[in-house]
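A.B. asks: please work out how this folds:
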Amino acid sequence: MKQPLVEAMERYLQEQVYPLHTPGHKGGRGMAEPLRSLLGSTALRMDVSLMSELDDIHAPCGCIREAQEEAAKLYGSDACFFAVNGTTGAIHAMLLTALQPGDRILVPRNAHRSVTGGLILADAVPVYVQPAYIKEFGMQGQVTSEQVKEAFAVCPDLKAVLLTSPNYFGMAAEVKQIAEIAHAHNAVLLVDEAHGPHLGFHDQFPPSAMHCGADMAAQSTHKILGALTQCSLLQVKGERIDLRHAADVMSLLTTTSPNYLLMGSLDAARAQLAERGAVMLEDALRAAQMLRNSLAKIPGLHVIRPEDVAGKYGIAALDSTKITINLKEWGISGVAVGEALRKEKIAVELVDLQNVLFLVTYADWAPVQWQDTVNRICKTLQKLRPVKNPLEARSVEQVKALETEAAEKEKAQQAEIPVTEAAVPMRTVFYGKKKTVPLSGAVGLICAEPISFYPPGIPVILPGERFTDKIVAWCCLMKQQGLPVSGPADTSLQTVRVLTQE
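C.D. replies: The predicted structure follows:
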């Protein structure tokens, strides 16, 4: 399978050109140990500046252009752009391409924090919609097509709709129906498809955003496929999106010193998917099924299945290689289980108060070794299983303490993120004067920084939204459960930054 950029990089290495140009480490000769040995001489020799033989990502006319065209052809888009600033950069580019300053866009309230940055850069106005809540599992599903219809009825001037599909848990939205609704109102559909660069290459997976009629989709090629971390693709359809403007925006947001190892890995991952996509995904399904079957045998542990969620909560389908175990019946938090697995040298994708998420890909399928990993996971979980009567042979004080702890966990697990109120445009807050106040004293004030509990990094409150007593109480409850905080300057969350109102 042809790899235009990788092949050009290989030819360049074979020429053994002496670099009297940047970078300063000169092919690794000047790099400090032990990093030099860890990276290897070949990789370091390929860390070069923009060379005429290797094309220019800002005005591609050679191997980069050909590599991007091959990616567009593979995914069924009209143009594809290599994004070396991750899907964050691709999402920023989507928003700046599709929107004019002041335009309104429908955004899921649980969108990734990168969307916030894109809205500030685009000077766009978000209209938030709360995705369906799956109380049984303590997680959010998807925005429904009915919610999108209702949003256009209330805000007919919406210029775009943004979806996160699939979400962290592999739940795909009703993308096709929502695309039709958006287009009927002369709006475009933008999809954060970070967890879906593999979709569309096997019939047991949900269809891709491009195949469902999306106008733009940002894909984390590094999350599921074989590209290096930080590598993503931006797919664009030209019927409603100006392709030339999209190229200008990507150039505006992309470094003038892109790393060729990153770009080359995108070309290689695309070629691998084009040549072996169905086989790769078959391997991923085999590995996922082995883990699912083993987990399902553990009493009281619920492995979320497609039939649990598909067709409900705005979820069209479930990517079954995202394996989520729900721990509600055990009365143990996902945070604690994640820590126990890490001690056994197993690192998971995501934990929350009720769930643990295992991300499985084609690269896991080496039957003997994978079976050993599955056994270690299940052995660790078996050790964590609560005994039948945890209160047996305990003192009255111990019983009361355990009952109180269980009640607090139940309260936290059932708590939905409170609805927020947007009071001031985010861009106004970004450039406005700020002050620091205790979290307990923030009620009624305008938040000046995003606050997320990580993972998955979904903001509880965003800049421009007003603190309420429910939001403050929810933050305190999540802190008590030990979830790490992301976003605020004070990660202990003793204090928060708010807009100075003069």
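
A.B. asks: give me the low-pLDDT residue ranges for the chain?
C.D. replies: 388-416, 454-457, 502 (pLDDT under 70).

A.B. asks: check contacts around the closest residue to Thr436 other than its chain neighbours.
C.D. replies: In this structure, Thr436 finds its nearest non-sequential neighbour in Thr495, 5.0 Å apart by CB to CB, 6 or more residues apart in numbering. Any C-beta I mention is one placed from the backbone N, CA and C, and that applies to glycine too. When contacts are counted by CB atoms under 8 Å, 6 or more residues apart in numbering, Thr495 is found next to 436-439.

A.B. asks: by neighbour count, which of those residues wins?
C.D. replies: Leu439 (20 neighbours; other CB atoms under 10 Å).

A.B. asks: how far away is it from Pro488?
C.D. replies: According to CB to CB, to the nearest Å, Leu439 and Pro488 sit 9 Å apart.

A.B. asks: cool, Val279 as well?
C.D. replies: 45 Å.

A.B. asks: so the closest residue to Tyr362 other than its chain neighbours: helix, strand or coil?
C.D. replies: Setting aside the residues directly before and after it, Tyr362 is nearest to Met280 in space (CB to CB, 6+ apart), at 3.9 Å. Judged by DSSP: H, G, I helix; E, B strand; the rest coil, the three-state class of Met280 is helix.

A.B. asks: can you tell me how far Met280 sits from Ile461?
C.D. replies: 40 Å.

A.B. asks: between the two, point out the one with more neighbours.
C.D. replies: Ranked by neighbour count (other CB under 10 Å), Met280 and Ile461 place Ile461 first, with 27 against 22.

A.B. asks: helix/strand/coil for Val437?
C.D. replies: With three-state DSSP as the basis, Val437 sits in strand.

A.B. asks: for the residue nearest to it when sequence neighbours are not counted, list each beta-bridge partner.
C.D. replies: Leaving aside its sequence neighbours, Val437 sits nearest to Val498 (CB to CB, 6+ apart; 5.7 Å). Legend: beta-bridge partners of Val498 under DSSP bridges are Lys435, Cys447.

A.B. asks: which stretch of helix or strand covers Val424?
C.D. replies: Per DSSP states H and E: Val424 is located in neither a helix nor a strand.

A.B. asks: residue contacts, it?
C.D. replies: By CB under 8 Å, 6+ apart, the neighbours of Val424 are 432, 446, 464, 499.

A.B. asks: just to revisit the earlier point, rebuild the contacts of Thr495 as a markdown table, extending it with distance to Val303.
C.D. replies: What follows is the contacts of Thr495, written out as a markdown table (distance: CB to CB, whole Å):
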| residue | distance to Val303 |
| --- | --- |
| Thr436 | 44 |
| Val437 | 44 |
| Pro438 | 42 |
| Leu439 | 37 |
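
A.B. asks: from those, pick the one nearest Gln204.
C.D. replies: Leu439 (45.9 Å; CB to CB).

A.B. asks: show me what contacts that closest one?
C.D. replies: Applying CB under 8 Å, 6+ apart, the residues near Leu439 are 472, 475-476, 493-496.

A.B. asks: and for Ala111?
C.D. replies: Contacts of Ala111 (CB under 8 Å, 6+ apart): 162, 164, 192, 458.

A.B. asks: which one of these is nearest to Ala172?
C.D. replies: Thr164 (10.0 Å).

A.B. asks: please report how far the residue nearest to the closest one when sequence neighbours are not counted lies from Ile377.
C.D. replies: Ranked by CB to CB, 6+ apart and with sequence neighbours excluded, the top spatial neighbour of Thr164 is Asp192, at 4.5 Å. Asp192 sits at a distance of 29 Å from Ile377 (criterion: CB to CB).

A.B. asks: and these two? Which one has more around it.
C.D. replies: Between Asp192 and Ile377, counted using other CB under 10 Å, the more crowded position is Asp192 (28 against 22).

A.B. asks: hmm, Gln219 and the more buried one touching each other?
C.D. replies: No. Using CB atoms under 8 Å, Asp192 makes no contact with Gln219, being 9.1 Å away.

A.B. asks: find residues that contact each of these two.
C.D. replies: In contact with both Asp192 and Gln219: Thr87, using CB under 8 Å, 6+ apart.

A.B. asks: before we move on, the earlier item: got a list of what the residue nearest to Thr164 touches?
C.D. replies: Applying CB under 8 Å, 6+ apart, the residues contacting Asp192 are 87, 91, 111-112, 114-115, 162-165, 217-218.

A.B. asks: repeat that with 6 Å
C.D. replies: 91, 164, 218 (CB atoms under 6 Å, 6 or more residues apart in numbering).

A.B. asks: same question for Tyr128.
C.D. replies: 107, 109.

A.B. asks: and what about it, helix, strand or coil?
C.D. replies: Put simply, Tyr128 is strand when judged by three-state DSSP.

A.B. asks: which stretches of the stretch 401-502 of the chain form strands?
C.D. replies: Applying DSSP state E, counting those that start in this stretch to the stretch 401-502 of the chain gives strands spanning 434-438, 451-453, 458-461, 485-486, 495-499.

A.B. asks: quick check, distance from the shortest one to the centre of its chain.
C.D. replies: Using CA atoms, centre = their mean, to the nearest Å, the mean C-alpha position of strand 485-486 is found 16 Å from that of the whole chain.

A.B. asks: who does it pair up with?
C.D. replies: In the sheet, strand 485-486 lines up with strand 451-453 (antiparallel) (DSSP bridges).

A.B. asks: okay, the residue nearest to Pro156 when sequence neighbours are not counted and His245: tell me how far apart.
C.D. replies: Spatially, and ignoring its direct neighbours in sequence, Pro156 is nearest to His185 (6.8 Å; CB to CB, 6+ apart). For His185, the distance to His245 equals 21 Å [CB to CB].

A.B. asks: which of these two has more residues huddled nearby?
C.D. replies: With neighbours defined as other CB under 10 Å, His185 and His245 compare such that His185 has more, 17 against 13.

A.B. asks: returning to what we had before: let me know the closest of the contacts of Leu439 to Asp352.
C.D. replies: Out of the contacts of Leu439, the member with the shortest distance to Asp352 (by CB to CB) is Cys475, at 15.0 Å.

A.B. asks: coming back round to it: which one of Val279 and Pro488 has more residues nearby?
C.D. replies: Pro488 (22 against 12).

A.B. asks: helix, strand, or coil at the residue nearest the centre of the chain?
C.D. replies: Nearest to the mean C-alpha position of the chain, by CA atoms, centre = their mean, lies Ala194 at 5.2 Å. For Ala194, the assignment made with three-state DSSP gives coil.

A.B. asks: now it. Nearest residue, chain neighbours left out?
C.D. replies: Using CB to CB, 6+ apart, the nearest residue to Ala194 is Ser220, at 4.0 Å.

A.B. asks: what are the ranges of the helices in the stretch 351-500 of the chain?
C.D. replies: With DSSP state H, counting those that start in this stretch, the ranges of helices along the stretch 351-500 of the chain come out as 367-384, 396-414, 426-431, 469-480.

A.B. asks: before we move on, the earlier item: can you list the contacts of Val424 in TSV and add distance to Met31?
C.D. replies: Shown next, in TSV, are the contacts of Val424 (distance: CB to CB, whole Å):
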residue	distance to Met31
Gly432	43
Ile446	47
Gly464	44
Leu499	45
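
A.B. asks: neighbour-wise, which one of those residues leads?
C.D. replies: Gly464 (25 neighbours).

A.B. asks: follow-up on the earlier one: next, work out how far apart the residue nearest to the centre of the chain and Leu74 are.
C.D. replies: Distance, Ala194 to Leu74, by CB to CB: 18 Å.

A.B. asks: what do you get for Ile325?
C.D. replies: 34 Å.

A.B. asks: so which of the two has more stuff around it?
C.D. replies: Between Ile325 and Leu74, counted using other CB under 10 Å, Ile325 has the larger neighbour count: 24 against 18.
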